[in-house]
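Novice: Requesting a structural model of the entry that follows:
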Amino acid sequence: MGTGGRGAPGINKMQNKIQNWIKEILKIKGDIVLMHPKEIKNGDYAFVSSPENIEAHFEKLKKNKLEEIEKIEAVGRFINFYLSPKFFTDSVKEIVEKGEDFGGNDSLAGQKVMIEFTDANPFKEFHIGHIMSNTIGESVARVVESQGAEIKRANWQGDVGLHVATAVWGILDLGLDVDNATPNDLGSAYAHGSKRAKENEATKKEIGEINKHIFNRDDEKINYVYDTGRKISLDYFEIIYKRLGTKFDYYFFESKEGVEGKPVVEEFLKKGIFEKSDGAVIFPGEKYGLHTRVFLNSNNMPTYEAKELGLNKKKFEVEPELSKSIIVTGNEIKEYFKVLLKVISLIFPNIAEKTVHIPHGMLKLPSGKMSSRTGSVITGEFLIEQIREKVLEKIKEREFSAEEKDKIAEVVAIGAIKYSILHQSIGGDIIFDFEKSISFEGDSGPYLQYSYARANSVIEKAKKENILPDFVDLPAETFEVEKLLYRFPEIVSRAASEYEPHFIANYLIELARSFNSFYGNTIIVDPKDKTSAYKVALTFAFSFVMKKGLHLLGIVAPEKM
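Specialist: Numbering: from 1, shown residues only. This next block holds a predicted model:
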């Protein structure tokens, strides 16, 4: 395999080569599927053949074998291919030369993709659902970016609406000093207002009046409470985003971009897309096999649905060359999004064609569901701190300074949470397991981070012994870790095309286990061993792939743990 430059677009080069070879030898015109056998002992690639052709196919392929293939076997309906030791050596060399560039490609070069995620609302607490959305959105952004696309990260925030009016009412009713309020105070005020509105019709009406004042900016006292509380929330969110490793390019707000949805609804009401009903403007979803939703309420104010139209229109105004607009939200609004995307397809067909909705499950603690309306919300900061304390306890006996322990605890805690979210397919709910999430052994983020730190310590030891990567004297055996490393680009490519980071998370676990087995059964750094330089090269290759893989998950790879 050649070195230098980036990988073949969207696929592992060897996989591509074998596919083309099979098609040529067997005269197959359509696409063929190659897979990796479940167990490495059964080969590196497998091709499914029909029972009646298996023998003939096997003989033809065996007769015209590629030089990179050492052995071919027919087992049942499968033809298994075993790659040569030279191929694995060359792939390790390629990884060492490319470093952390390995795994990326240019298949999406020239494309600009906007990914909207997190969507935390001012005056409400940043809860564990926002961590879920942020983790998924940031990872999808990094994975798509690795394929050559230019990424724009966007955050859509509800800074007006009944929830804001409810919080402002709560602040006023509780007599909170808004100048010195904390984000938790704002969340408590919201919970207080929500509870009182349920109990008292007069309170509900007062909140409705405050909502109008916020929207119209016509009450000085309410404006001050609103502006001050909004700034407290947004500044706090920035602290969380920094901890999570996200930096947004665009912040869209219901008070700005959302307002622009109202004239859109009014324009297309005249064109028959929307209808009037009991003083409101609705979209008759039943006509399209969906459900009906209100876009302008009976007070002629835009609902969340209308605001979304303003948002999606604005995205393509600020970035006219967008190839794709990806929106990450919770599963609970999946049906709502079907209606919204149908409306967009009718009024902005070009935008609809480029819009993808990625719904994710809920992050739950063993105690169950959370709610900001009742005040029993589990904040993102609370979860991070709980895990952080557990990690500090785990590493308290290690010979690090207090400052080093703090840094390690921070990145390990956030890595633990992110891995717990990303190790399964995006659509399902997750019950967060505190103990499992921080395990340094097994299926966890800290296990991956620890494996990287272990490889890094081996590399430091090799440098002290002046043993640098070399490919002259090679071990007699091919290690399992070698048989996994070359797969990284195809794993990343699949994760990007399906918007599913769990392919990377699961691959990294398998890779870490194979490296730790190699580490446990092999003396890597040995000045007396001529093959030590290759084993060090293999350790370098593992560290590059692990660091890049963790980065794609949004997880920091610590140099030591």
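
Novice: Show the low-confidence segments of the stretch 451-561 of the chain, by residue range.
Specialist: Along the stretch 451-561 of the chain, the model assigns pLDDT under 70 to no residue.

Novice: Equivalent analysis for the chain, please.
Specialist: 1-11, 367-376.

Novice: got the domain boundaries for it?
Specialist: Following automatic domain parsing, the chain resolves into domains at 13-83, 380-552.

Novice: which of those sits most buried?
Specialist: domain 380-552 (a mean of 19; mean count of other CB atoms under 10 Å). C-betas here are computed from N, CA, C, even on glycine.

Novice: how far is that domain from where the chain is centred?
Specialist: 18 Å (CA atoms, centre = their mean, to the nearest Å).

Novice: Could you do stretch 175-188 as well?
Specialist: With CA atoms, centre = their mean, you get 32 Å for stretch 175-188.

Novice: that older thread, to residue 309, which of the domains of the chain lies closest?
Specialist: domain 380-552 (23.8 Å; CB to CB).

Novice: Between the two ends of the closest one, how far is it?
Specialist: Domain 380-552 stretches 21 Å from its first residue to its last (CA to CA, to the nearest Å).

Novice: Run a quick neighbour tally on residue 314.
Specialist: By other CB atoms under 10 Å, the residues close to residue 314 number 19.

Novice: Now do the buried residues in the helix or strand harbouring it.
Specialist: Residue 314 belongs to helix 304-318 when assigned by DSSP states H and E. The neighbour-count check on helix 304-318 (16 or more other CB atoms under 10 Å) flags 304-316 as buried.

Novice: Any chance of those in TSV with distance to residue 178 as columns?
Specialist: Output for the buried residues of helix 304-318, formatted as TSV (distance: CB to CB, whole Å):
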residue	distance to residue 178
304	25
305	31
306	29
307	25
308	29
309	32
310	28
311	28
312	33
313	33
314	30
315	32
316	37
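
Novice: Now for residue 360: which residues touch it?
Specialist: 132-133, 136, 328-331, 426-427 (CB atoms under 8 Å, 6 or more residues apart in numbering).

Novice: number of nearby residues for the nearest residue to residue 379 once chain neighbours are set aside?
Specialist: Closest residue to residue 379 apart from its sequence neighbours, by CB to CB, 6 or more residues apart in numbering: residue 125 at 4.9 Å. Neighbourhood size, residue 125 [other CB under 10 Å]: 26.

Novice: next one: phi and psi at residue 125?
Specialist: As for residue 125, its main-chain torsions (degrees, to the nearest 10) stand at phi -80, psi 150.

Novice: in terms of contact, does it touch residue 187 like I think?
Specialist: Yes - taking contacts as CB atoms under 8 Å, residue 125 lies within contact range of residue 187: 3.8 Å.

Novice: all strands in the stretch 301-450 of the chain, in order from the N-terminus.
Specialist: Per DSSP state E, counting those that start in this stretch, the stretch 301-450 of the chain carries strands over the ranges 324-330, 355-360, 363-364, 430-431.

Novice: meant to ask about the chain
Specialist: 34-35, 45-48, 69-75, 78-83, 112-116, 150-157, 250-253, 275-277, 280-283, 293-296, 324-330, 355-360, 363-364, 430-431 (DSSP state E).

Novice: As TSV, the ones you listed with distance to residue 230 would be great.
Specialist: As requested, these are exported to TSV (distance: least, CB to CB, whole Å):
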stretch	distance to residue 230
strand 34-35	52
strand 45-48	56
strand 69-75	63
strand 78-83	58
strand 112-116	20
strand 150-157	9
strand 250-253	9
strand 275-277	33
strand 280-283	28
strand 293-296	24
strand 324-330	22
strand 355-360	27
strand 363-364	26
strand 430-431	31
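
Novice: now the contacts of residue 360: which count as buried?
Specialist: 132-133, 136, 328-330, 426.

Novice: quick one: which of these is nearest to residue 233?
Specialist: residue 133 (16.5 Å).

Novice: Could you verify my assumption that that closest one touches residue 332?
Specialist: No - using CB under 8 Å, residue 133 makes no contact with residue 332, being 11.9 Å away.

Novice: And the closest residue to residue 192 other than its chain neighbours, how close does it get to residue 180?
Specialist: Nearest residue to residue 192 in three dimensions, chain neighbours excluded: residue 170, at 4.2 Å (CB to CB, 6+ apart). Counting by CB to CB, to the nearest Å, the gap from residue 170 to residue 180 is 16 Å.

Novice: Tell me which of the two has more neighbours.
Specialist: residue 170 (26 against 9).

Novice: how far away is that one from residue 271?
Specialist: Residue 170 is 41 Å from residue 271, by CB to CB.

Novice: now swap in residue 123 and tell me
Specialist: Residue 123 is 36 Å from residue 271, by CB to CB.

Novice: Equivalent analysis for residue 283, please.
Specialist: Applying CB to CB to residue 283 and residue 271 gives a distance of 12 Å.

Novice: Which one's more surrounded, those two?
Specialist: residue 283 (26 against 9).

Novice: got the contact list for that one?
Specialist: With CB under 8 Å, 6+ apart, residue 283 has these contacts: 273-275, 292-293, 295, 305, 339, 342-343.

Novice: To residue 220, which of the domains of the chain lies closest?
Specialist: domain 380-552 (32.7 Å).

Novice: Reformat the buried ones among the contacts of residue 360 as CSV; add distance to residue 71.
Specialist: Compiled in CSV, those are given as follows (distance: CB to CB, whole Å):
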residue, distance to residue 71
132, 45
133, 47
136, 41
328, 45
329, 49
330, 49
426, 38
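
Novice: Residue 362 - how many residues pack around it?
Specialist: Neighbours around residue 362, by other CB under 10 Å: 16.

Novice: which non-adjacent residue is nearest it?
Specialist: residue 429 (4.8 Å).

Novice: wait, that neighbour sits on residue 332?
Specialist: No - using CB under 8 Å, residue 429 is not in contact with residue 332; the gap is 10.7 Å.

Novice: list the residues that contact both of the two?
Specialist: Applying CB under 8 Å, 6+ apart, one finds that residue 429 and residue 332 are jointly contacted by residue 362.

Novice: Of all the helix elements in this structure, which one is longest?
Specialist: Among the segments of the chain that qualify as a helix by DSSP state H, the longest is helix 220-244.

Novice: Pull out the buried residues from that helix.
Specialist: So helix 220-244, judged by 16+ other CB under 10 Å, has buried residues 222, 225-226, 228-230, 232-234, 236-237, 240-241, 244.

Novice: Identify the farthest-apart pair in those.
Specialist: Maximum pairwise distance in the buried residues of helix 220-244, criterion CB to CB, is 32.3 Å, between 222 and 244.

Novice: Return stretch 319-331 as PDB; C-alpha atoms alone will do.
Specialist: What follows is stretch 319-331, C-alpha atoms only, in PDB (Å, rounded to 0.1, in the frame of the first residue of the first chain):
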ATOM      1  CA  GLU A 319     -25.000  29.700   4.400                       C
ATOM      2  CA  PRO A 320     -26.400  29.700   0.900                       C
ATOM      3  CA  GLU A 321     -24.100  26.900  -0.200                       C
ATOM      4  CA  LEU A 322     -25.200  24.300   2.300                       C
ATOM      5  CA  SER A 323     -25.200  20.800   1.000                       C
ATOM      6  CA  LYS A 324     -27.000  19.400   4.000                       C
ATOM      7  CA  SER A 325     -28.700  20.500   7.100                       C
ATOM      8  CA  ILE A 326     -28.700  17.900   9.900                       C
ATOM      9  CA  ILE A 327     -30.900  18.400  13.000                       C
ATOM     10  CA  VAL A 328     -30.300  16.300  16.200                       C
ATOM     11  CA  THR A 329     -33.300  16.100  18.600                       C
ATOM     12  CA  GLY A 330     -34.900  13.700  21.100                       C
ATOM     13  CA  ASN A 331     -37.200  10.900  19.900                       C
END
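
Novice: Quick one: residues in contact with stretch 183-190.
Specialist: In contact with stretch 183-190 (CB under 8 Å, 6+ apart) are residues 122-126, 163, 166-168, 170-171, 174, 176, 181, 229, 232-233, 236, 372-373, 375, 377, 379.
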